[in-house]
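Using only what follows, build the 3D model:
(2 chains)
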Amino acid sequence: GAVVSQHPSRVICKSGTSVKIECRSLDFQATTMFWYRQFPKQSLMLMATSNEGSKATYEQGVEKDKFLINHASLTLSTLTVTSAHPEDSSFYICSARAWDSTGDTQYFGPGTRLTVL
Amino acid sequence: SQKIEQNSEALNIQEGKTATLTCNHTNYSPAYLQWYRQDPGRGPVFLLLIRENEKEKRKERLKVTFDTTLKQSLFHITASQPADSATYLCALVRGAQKLVFGQGTRLTINP
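Prediction:
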């Protein structure tokens, strides 16, 4: 099946710093990627849709100036958490949209654990 | 707004038995519904997709049913094994492949 990677797998940073998370589709091209956030014992919540070559679209309540998304190529989307604060600590997961034998499917990355001190 | 609920937060099953998880969706009739497995500290892994015109879908020991009248999907794991222990998520699609996830059911298979 299609493989999606994320880097880093975990990051610890000080409050006020910015953190960049990369999401790559390794063996397929993805014009659309998605960014989710998951708090402990909760489900995944969609933050934004990342479209290659155009601006990301954000879900209601997600600050676009705080969570910067860049989808510069068909295999890479980045999420930058700017001026991170402890409440931004969470598990960030990306997915890439693919069309294969299953149909229109999303393949998820392994996630990035962000801890803001 | 679309709402998707998984009845049980946690489920414990004896090894070898069939585990059945429930997913209900209200205020929305999705064209299809998906099931994922998520292990601790990992991203979800796609398992099965079932369309509204399909009553049942199978993959090895997994079976999914979709009742559009009841707005409910059931996810079965037959001959369950301890390695099946994980959190299982159902998700519906709303426009442009945006997934709305249920809160998940943490399944534990006891040896």
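
The closest residue to chain A within chain B - nearest residue in space that isn't next to it in sequence?
Nearest residue of chain B to chain A: B:Gly43, at 3.7 Å (CB to the nearest CB). Glycine gets a C-beta too; all of them are placed from N, C-alpha and C. Leaving aside its chain neighbours, B:Gly43 sits nearest to A:Phe108 (3.7 Å; criterion: CB to CB, 6 or more residues apart in numbering or on different chains).

thought that neighbour was touching B:Pro44?
Yes - A:Phe108 lies in contact with B:Pro44 (CB atoms under 8 Å); the separation is 4.9 Å.

In the sheet, which strands lie alongside whichever strand or helix holds B:Ile13, parallel or antiparallel?
Secondary-structure assignment from DSSP states H and E places B:Ile13 in strand B:10-14. Next to strand B:10-14 in the sheet, as set by DSSP bridges, lie strand B:105-110 (parallel).

on that earlier part again, mind listing what's buried along the strand holding B:Ile13?
Neighbour-count burial for strand B:10-14, counted by 16 or more other CB atoms under 10 Å in any protein chain shown, picks out B:Leu11, B:Ile13.

Name every strand pairing with the helix or strand following that strand and say which way it goes.
Downstream of strand B:10-14, the first helix or strand assigned by DSSP H and E is strand B:19-26. As defined by DSSP bridges, the strand partners of strand B:19-26 come to strand B:3-6 (antiparallel), strand B:72-77 (antiparallel).

and these, which is most packed in?
strand B:72-77 (a mean of 20; mean count of other CB atoms under 10 Å in any protein chain shown).

which residues are in contact with that one?
Applying CB atoms under 8 Å, 6 or more residues apart in numbering or on different chains, the external contacts of strand B:72-77 come out as B:18-25, B:33, B:35, B:48, B:50, B:61-67, B:84, B:88, B:90, B:107.
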